[in-house]
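In: With the input below, show me the fold.
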Amino acid sequence: NTTLFRSITTTSGLDAIAQDLLVYCEAGGSVAALVCAAYNRNPSNPLLSRIVAQASAWPELSSAGFVLVDGTAYVFAPRHVELTYLSALIEDYEFWAEKYTPLAGIAEVTAADGSNLDVVPMAFMPTSFEKLEEHGFGMQREVQRVPVADLRVAGTGYRRLVLLGEPGSGKTTTLWRLTYYLAQRALEDPAEPLPVLGPLGGYTGDESALAYVQGQFGDLGQHLPAYLQGGRVLLLLDALNEMPRRDHEERVGRIQQ
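Out: Numbers count the residues shown, from 1 in each chain. Take a look at the predicted model:
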């Protein structure tokens, strides 16, 4: 706390105070955060530089996602900060838990009194979709048709995906539903990646794409490089076509980077 740090800078007996601080951080599982903050405040300190250089050998640092990017150290946020962020996402997008129709659409017929009569497939609403998967090479190459009923299933196994569709076809709604689904999974399982939804229509400045996305990541923004490096974040970038035309290609290049 503030009083403790003031005492470190204004009194003698620093060894004992530093020891107490380390014991406190170790008990709370925040040694990595302490090293991160100390190094960022004093990167020229040779002892801190040595610790940072050996970060992969320190279980406390490697398990906390410690990473050094452009001379700045980052770690994962405390779990309670992640939970607050995820709970807010779930609250914002829970409307789409029931109001979103998956790929294999169905229609429900409702009577005038509000009672449900039946759930039937509609002629204008496809009830099944397939994705094409290529296997093998050359003469052994073959294409298989794999049934999919939901984009959450169709999208598994890929590092990057681009969702294409005509205006009004439901791309943004799909990302909202995915945000809700992914936030629920990450809330229940700390090993699951955290979603961050970035509406690119708001990306109008000269900042890097990373800096823009950090602003969409709430209190976790300052930790984003650690989450990216650790594979613990899933970027959902929406509406590439809504960015301003000015410097559009340059901005797209930043996103690709």
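
In: ok, now which ones touch the nearest residue to Leu48 once chain neighbours are set aside?
Out: Excluding the flanking residues, the one nearest Leu48 by Cβ to Cβ, 6 or more residues apart in numbering is Tyr39, at 4.7 Å. The way it works is simple: take the backbone N, C-alpha and C, and place the C-beta from them, glycine included. Contact analysis of Tyr39 by Cβ atoms under 8 Å, 6 or more residues apart in numbering lists 45, 48-49, 51-52, 73.

In: and if you look at Leu163?
Out: 151, 171, 174-175.

In: What subset of those residues is buried?
Out: Buried by 16 or more other Cβ atoms under 10 Å: 151, 174-175, out of these.

In: Sort those residues by pLDDT and name the bottom one.
Out: Looking at the buried ones among the contacts of Leu163 by pLDDT, the weakest one is Leu151, with 78.

In: Look up how far Phe129 lies from that residue.
Out: According to Cβ to Cβ, to the nearest Å, Leu151 stands 9 Å off from Phe129.

In: Phi, psi for Cys25 please.
Out: phi -70, psi -40 (degrees, to the nearest 10).

In: again, but for Glu134
Out: phi -90, psi 140.

In: Please name the nearest non-neighbouring residue to it.
Out: Once flanking residues are discounted, Glu134 sits nearest to Val143: 5.6 Å by Cβ to Cβ, 6+ apart.

In: Regarding that neighbour, what is its secondary structure?
Out: Assigned by DSSP: H, G, I helix; E, B strand; the rest coil, the conformation of Val143 is strand.

In: now Asp15
Out: helix.

In: What's the mean pLDDT across stretch 60-78?
Out: Rounded mean pLDDT across stretch 60-78 is 91.

In: Alpha carbons only: can I get that stretch in PDB?
Out: The C-alpha coordinates for stretch 60-78 follow below in PDB (Å, rounded to 0.1, in the frame of the first residue of the first chain):
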ATOM      1  CA  GLU A  60       6.000 -17.800 -10.400                       C
ATOM      2  CA  LEU A  61       6.800 -15.700 -13.400                       C
ATOM      3  CA  SER A  62       6.100 -18.200 -16.300                       C
ATOM      4  CA  SER A  63       2.800 -19.300 -14.800                       C
ATOM      5  CA  ALA A  64       1.700 -15.700 -14.500                       C
ATOM      6  CA  GLY A  65       2.300 -15.100 -18.200                       C
ATOM      7  CA  PHE A  66       5.300 -12.900 -17.600                       C
ATOM      8  CA  VAL A  67       6.500 -11.400 -21.000                       C
ATOM      9  CA  LEU A  68       8.800  -8.500 -22.000                       C
ATOM     10  CA  VAL A  69       7.600  -6.500 -25.000                       C
ATOM     11  CA  ASP A  70       9.500  -3.400 -26.200                       C
ATOM     12  CA  GLY A  71      11.200  -3.100 -22.800                       C
ATOM     13  CA  THR A  72       8.000  -3.200 -20.700                       C
ATOM     14  CA  ALA A  73       7.100  -6.200 -18.600                       C
ATOM     15  CA  TYR A  74       3.500  -7.600 -18.500                       C
ATOM     16  CA  VAL A  75       1.700 -10.300 -16.500                       C
ATOM     17  CA  PHE A  76      -1.800 -11.700 -16.400                       C
ATOM     18  CA  ALA A  77      -4.300  -9.800 -14.300                       C
ATOM     19  CA  PRO A  78      -5.500 -11.200 -11.000                       C
END
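
In: contacting residues for Leu103?
Out: Going by Cβ under 8 Å, 6+ apart, Leu103 touches 126, 129, 148-151, 154.

In: Neighbour-wise, give me the winner out of the contacts of Tyr39.
Out: In terms of neighbours by other Cβ atoms under 10 Å, the contacts of Tyr39 top out with Ala73 at 23 neighbours.
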